[in-house]
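Novice: What shape does this take:
(chains A and B, ligands or ions: 2)
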Amino acid sequence: MSILRVENLSKTYQSRGRSLTVLDNVSFTLQPGDTFAIVGPSGSGKTTLLGLCAGLDRASSGSVYLNEIQLDNLSEDQRAAVRNQYVGFIFQNFQLLPTLTALENVMVPLELRGEKGAARTAQELLERVGLGQRGHHYPTQLSGGEQQRVSLARAFANRPKLLFADEPTGNLDTDTSATVVDLLFELNREAGTTLVLVTHDLELASRTQRVIRIKGGTVISDSRPEQVTVG
Amino acid sequence: MTSYTTSTQDRPLVKAPKTDPNWLWRMAWRDSRRSRQRLFLFMSAIVLGIAALVAINSFGDNLARSIDEQSRELLGADLTLSWNRPPSKKTQQFLRTIGQDRTYEVSFPSLVSIPRTGGIRLAQVKGLTGNFPYYGDWEVTPAAGIQAFRKSGERVALVDDALLVQLGAQPGDSVKVGNLSFRIAGRVMKTPGQAAIASTVAPTVFIPNTFMNQTGLLQRGSRVNYRYYYQFSPGTDVSAYVKTITARLDKEGINYDTIAERKRQTGRAFADLTQYLSLVAFVALLLGCVGVASAVQLYVKEKIASVAILRTLGASGRQGLQIYLIQTALMGLIGAVIGAVVGSVVQLVLPQVFGNFLPVAVDTVVSWSAVLAGVGTGLLISVLFALLPLLAIRNVSPLRTLRTSYEDDLSGRDPLRWLVYGLILLFIAGFSYLQTQEWKLAIGFTVGLAVAFGVLTALGLALIWLVRRFFPASWSYVWRQSLANLYRPNNQTIILVTAIGLGAFLIATLSLTQGLLLSRVELSASGNQPNMVLFDIQNEQLAGVKSLVKQQKLPVLQQVPVVTMRLNDINGRTAETVRKDTSIKIPDWAFSREYRVTYRDTLISSEKLGSGKAPSQSNGAVYISLEKPYFDRLKLKLGDTLNFNVQGAPIQTIVGGTREVDWNRVQPNFLVVFPAGVLEQAPQFHVVMTRVPNNETSAALQRGLVAQFPNVSAIDLGLVLKTIDEILDQISFVIRFMALFSILTGLLVLGSSVVISKYQRLRESVLLRTLGANRNQILLITALEYGLLGLLAALSGILLSLFGTWALAQYVFEVPFRPTALPLVLVAGVVTLLTVAIGVFNSRDVLVRPPLDVLRSEG
Ligand SMILES: Nc1ncnc2c1ncn2[C@@H]1O[C@H](COP(=O)(O)OP(=O)(O)OP(=O)(O)O)[C@@H](O)[C@H]1O
Ligand SMILES: [Mg+2]
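Specialist: Numbers count the residues shown, from 1 in each chain, chains lettered A, B, ... in the order given. Ligands and ions are numbered 1, 2, ... in the order given. Below you'll find the model as predicted:
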């Protein structure tokens, strides 16, 4: 059973009567526990692909199966339920809720699930990312690296099967990046999560088991070519 | 719990998360931490509306209760019977046996004068014998005046305060009534059963009834009213007693009034009044709600990023909406409760505002039902309005977490919005129906409001479009920047045009309507129209009165004979047959009233032929002419016969035609006009009309009349106008007081809009200043922007109001519409200046704070 299966995925934007194909017939399959990087130049469609895989957007054609659930048929609220149950996110600009403290931010996915003891779990996670003392701070009171660590804690809070990260280090300096990335891979290994990483950074990409390159919306190479079909 | 299945297998894989409902409340609470003050600012817009609503409804409740508690004072007696033609001997005898104690009153209008000051005025003269009032206080200063008055044999009078003021007299002076002089023993401040306003309209001189005949005023044609005030022994069921004698009273044309009846009528009249005023308060609430909607819209825009994150983490659109709905509803509740507290305090001053209108002293306590209703109404309607922008939260796409520029999700049409609009309209219509119990009025109110809001919104949109379309690219930087502010993203043009425009609309309409009501009366006083009416002139006095008028070099503009009569039967059916046969729908008053009839063969300038022909005689048949509405209400048709009792002599007539009568003209108008040649020999009196150029001539003529013909009365139109003006002033003060809440709400919405948009303004101005704009330039930009907005809003409101009052003039009052420019210019000027002042004042931060300070705190 695959954790993520993408079949002939295409995305076309209509703007001012003209259509722009951003993704063209992309397919691949990920097994549980894989670590996976999507690399490519700016504007190549990486974020678009990630958004489709995570069910944040709908494809123009093709299908996405997340834990064997076909996302294309689901409503936005149903896809939200899927995300809450199986998916964690890390963003380039952290995306913490500015009105909530660090601890409360980590609690949100747990509380959405209606889990008991959310505060304790969240506190443990914060301690795990080295911010046990900062739980009552608001995002604006934290540095970029600290914010990204809070967002790591939040991403792992609901014990996701799949973790999506879009340029997780894009807004951080080199040293901070290293800390965050180490933490990311460590947590990922511990939890056995499947990681999908979008990045410009080839060094970062090289730490994953598998790398696909896309350009102009099509996959141009895959480090394990036997599993990728190029359309 | 919903489960979804995969396409390949049928086992459930996804369950909607079992979120604890309390989480929504916790999230709402946590999320509001940073914005509670601003959230409260949004909701403060409804405070005044709810305050107005609670105040007027509490006052209404208290008034109703006070009327109930003090109902005996409304009448001053247990029962009154009144009539204006002498009943039969037997009945007179009978009237003297009713009750335990009774007071007899004879009253009629007459000119009275104060010899010392030369003051002269038409007053209601009431001759009393007995111990009236039985209930309530007759407020007379000095109080001893009442004893002096009741002691028979002394020629003393009690005079209404209003009349003493007008005549420049005081207790101790003497007042001349007809042939007799009376010593004024007291100043009457309040008479039980009379609102103070009544003494402005018809101020009264009370004299002992024993002197009535000696005044020489009770002559034929005099409009005399007789009345008994009765007191019953405690515990008597007066209403039940009255039922037993109703038939007898009706037959003699005697009207009766009991405490229960008076209470019912007064209660209903004031319930109506307060309910209409609560509609005025409701306008303030709605205006506040528009402010809420616009503030929440900005708030939602700010919260979109947070909602997108929540959605990415798995929250449903509904949960996102609920979080912010909880926030706004809670703030609304706080606003509503504050409003209710303010309203309960405001109602304490309402008795002073209503002043002269109130029939009883109102004691004000907190009305919990009004408070609850006010809070409920305010909360519900403000949440409905807030829902309009909040609904968009449901559609926020989680994709925004990946792309900040994503805009596709909020632009789509949302059918739920229309549902909310529908609910709002339904709520408004329902509310106004509950208040007025009239569907027509409720729908008219709702449609009128929708039109007003619609027109103002359209004007705001038009302004934005025009500025964009014809942007004066060559103008100076300051002008361009302030104009651009009107249409740039997140502009508040529409909300401000609506809020300020509605305020301007209210003020302008109040001023225009008052002018309209006055012009309706003034119209008749203009040009060569008569402005003084002399009436109750006896046959033998006619020549004398006319020569007196001519002596003063005044014209006799019109002279009309008047004969009083009663109706015996219609097509042979008498009052009794009509009363017994319920299938005949002829109102009772047709038979019980006294008709004042004139005779002539032509119609006069204030009349238009409706149907048939003018009054005429042919072959001995008498063809009379009836006023059209009267003709309709009696369900008559041409050719029907009416038999009149002309002071004993029956006269058979045939309905020959109808007339449309312009009752606005100052001249005696008649329901019934006979042809010439029938009534010439009947007992009659005359009315003479003249035009006096000024007050001195008017006073001279009236003095002459009092000296030579004391029974002749004169109505000075100038005085009538002044009285009407006073009453209108009083009424419009009450309405203005209620409208004040709308205007203040408008200002509040304006103020909070400015504050809310300030956060965004701050950055821009700082940017401008870092780029080198100086403080004055930014001040000028702000002032110009708000000046333009204020001016446009004021003009829109005035335009709307001109249209509204024009319709009122055209269709309701039927007078030509000639608005005076000055008040309107004043409204436009004041509203614009106020807008600029509030706009600049609330933006002062932007001007004063050093750029770096702002950049740091905002970053
Ligand atoms: N809503 C949209 N409408 C039209 N075009 C869009 C839309 N969203 C994205 N695009 C286009 O799709 C293309 C791919 O965008 P995408 O964000 O996926 O690229 P990316 O590979 O993530 O680039 P980067 O490395 O700069 O983040 C771009 O050319 C972008 O302009
Ligand atoms: Mg990208």
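Novice: Please report the distance of A:A119 from B:E69.
Specialist: A:A119 sits at a distance of 59 Å from B:E69 (criterion: CB to CB, to the nearest Å). The C-beta positions use only the backbone N, C-alpha and C, and glycine is treated the same way.
Novice: More neighbours: which of the two?
Specialist: A:A119 (15 against 12; other CB atoms under 10 Å in any protein chain shown).
Novice: Ligand 1 contacts on chain A?
Specialist: Neighbours of ligand 1 within chain A, by CB under 6 Å from any ligand atom: A:Y13, A:S15, A:L20, A:V22, A:G40, A:S42, A:G43, A:S44, A:G45, A:K46, A:T47, A:T48.
Novice: quick one, what contacts the fifth one?
Specialist: The reference is to A:G40. Neighbour list for A:G40: A:K46, A:R213, A:I214, A:K215 [criterion: CB atoms under 8 Å, 6 or more residues apart in numbering or on different chains].
Novice: Can you tell me which of the residues of chain A next to ligand 1 is nearest B:H686?
Specialist: B:H686 has its nearest neighbour among the residues of chain A next to ligand 1 in A:S15, at 90.0 Å by CB to CB.
Novice: In chain A, which residue is most central in space?
Specialist: Closest to where the C-alpha atoms of chain A average out (CA atoms, centre = their mean) is A:F164, at 1.1 Å.
Novice: Would you verify that that one is located in a strand?
Specialist: Yes. In this structure, A:F164 lies within a strand as judged by DSSP: H, G, I helix; E, B strand; the rest coil.
Novice: Enumerate the beta-bridge partners assigned to it.
Specialist: Legend: beta-bridge partners of A:F164 under DSSP bridges are A:F89, A:V196.
Novice: And B:T641, by the same measure?
Specialist: Residues in a beta bridge with B:T641, per DSSP bridges, are B:I654.
Novice: if I look at B:N643, how far off is B:V655?
Specialist: In this view, B:N643 and B:V655 are 12 Å apart by CB to CB.
Novice: Settle it for me: which of the two has more neighbours?
Specialist: Using other CB under 10 Å as the criterion, B:N643 and B:V655 rank with B:V655 on top: 23 against 17.
Novice: Low-confidence ranges, the stretch 351-500 of chain B, go.
Specialist: Across the stretch 351-500 of chain B, the ranges flagged by pLDDT under 70 are B:405-412, B:490.
Novice: quick one on the thing from earlier: only whichever of the contacts of A:G40 are buried, select them in ChimeraX.
Specialist: Entered in ChimeraX, the line below selects the buried ones among the contacts of A:G40, by 16 or more other CB atoms under 10 Å in any protein chain shown:
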select /A:46,213,214
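Novice: Which helix or strand contains residue 59?
Specialist: I went with chain A, as the question did not name one. Assigned by DSSP states H and E, A:A59 belongs to neither a helix nor a strand.
Novice: meant chain B actually
Specialist: B:F59 belongs to helix B:47-69 when assigned by DSSP H and E.
Novice: can you list contacts of whatever helix or strand comes next after that helix?
Specialist: Moving toward the C-terminus from helix B:47-69, the next helix or strand (DSSP H and E) is helix B:71-75. Residues outside helix B:71-75 that contact it (CB under 8 Å, 6+ apart): B:67, B:78, B:133-137, B:192-193, B:229, B:257-260, B:262-263, B:266, B:359-360.
Novice: what are the C-alpha coordinates of stretch B:338-357, in PDB please?
Specialist: Extracted as PDB, the C-alpha positions of stretch B:338-357 are listed here (Å, rounded to 0.1, in the frame of the first residue of the first chain):
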ATOM      1  CA  ILE B 338     -24.000  48.700  27.600                       C
ATOM      2  CA  GLY B 339     -26.700  50.100  25.300                       C
ATOM      3  CA  ALA B 340     -29.400  48.800  27.600                       C
ATOM      4  CA  VAL B 341     -27.800  50.400  30.600                       C
ATOM      5  CA  VAL B 342     -27.400  53.700  28.700                       C
ATOM      6  CA  GLY B 343     -31.000  53.400  27.500                       C
ATOM      7  CA  SER B 344     -32.300  52.800  31.000                       C
ATOM      8  CA  VAL B 345     -30.500  56.000  32.100                       C
ATOM      9  CA  VAL B 346     -31.700  58.000  29.100                       C
ATOM     10  CA  GLN B 347     -35.300  57.200  29.800                       C
ATOM     11  CA  LEU B 348     -35.000  59.200  33.000                       C
ATOM     12  CA  VAL B 349     -34.800  62.400  30.900                       C
ATOM     13  CA  LEU B 350     -37.600  61.400  28.600                       C
ATOM     14  CA  PRO B 351     -40.400  62.800  30.800                       C
ATOM     15  CA  GLN B 352     -38.700  66.200  30.400                       C
ATOM     16  CA  VAL B 353     -38.400  65.700  26.600                       C
ATOM     17  CA  PHE B 354     -42.000  64.900  26.200                       C
ATOM     18  CA  GLY B 355     -42.900  67.700  28.700                       C
ATOM     19  CA  ASN B 356     -46.200  69.200  27.900                       C
ATOM     20  CA  PHE B 357     -47.600  66.200  26.100                       C
END
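Novice: buried stuff in it?
Specialist: Within stretch B:338-357, the residues that count as buried by 16+ other CB under 10 Å are B:338-344, B:346-347, B:350-351, B:353-354, B:357.
Novice: could you pull out the helices for the stretch 451-600 of chain B?
Specialist: Assigned by DSSP state H, counting those that start in this stretch, the stretch 451-600 of chain B shows helices spanning B:477-485, B:493-525, B:542-551, B:575-580, B:589-592.
Novice: circling back to that earlier point, what is the nearest of the contacts of A:G40 to ligand 1?
Specialist: A:K46 (3.5 Å; CB to the nearest ligand atom).
Novice: my guess is the closest one meets A:I214, correct?
Specialist: Yes. Using CB atoms under 8 Å, A:K46 makes contact with A:I214 at a distance of 6.5 Å.
Novice: who touches both of the two?
Specialist: Here A:K46 and A:I214 share the contacting residues A:I38, A:V39, A:G40, scored by CB under 8 Å, 6+ apart.
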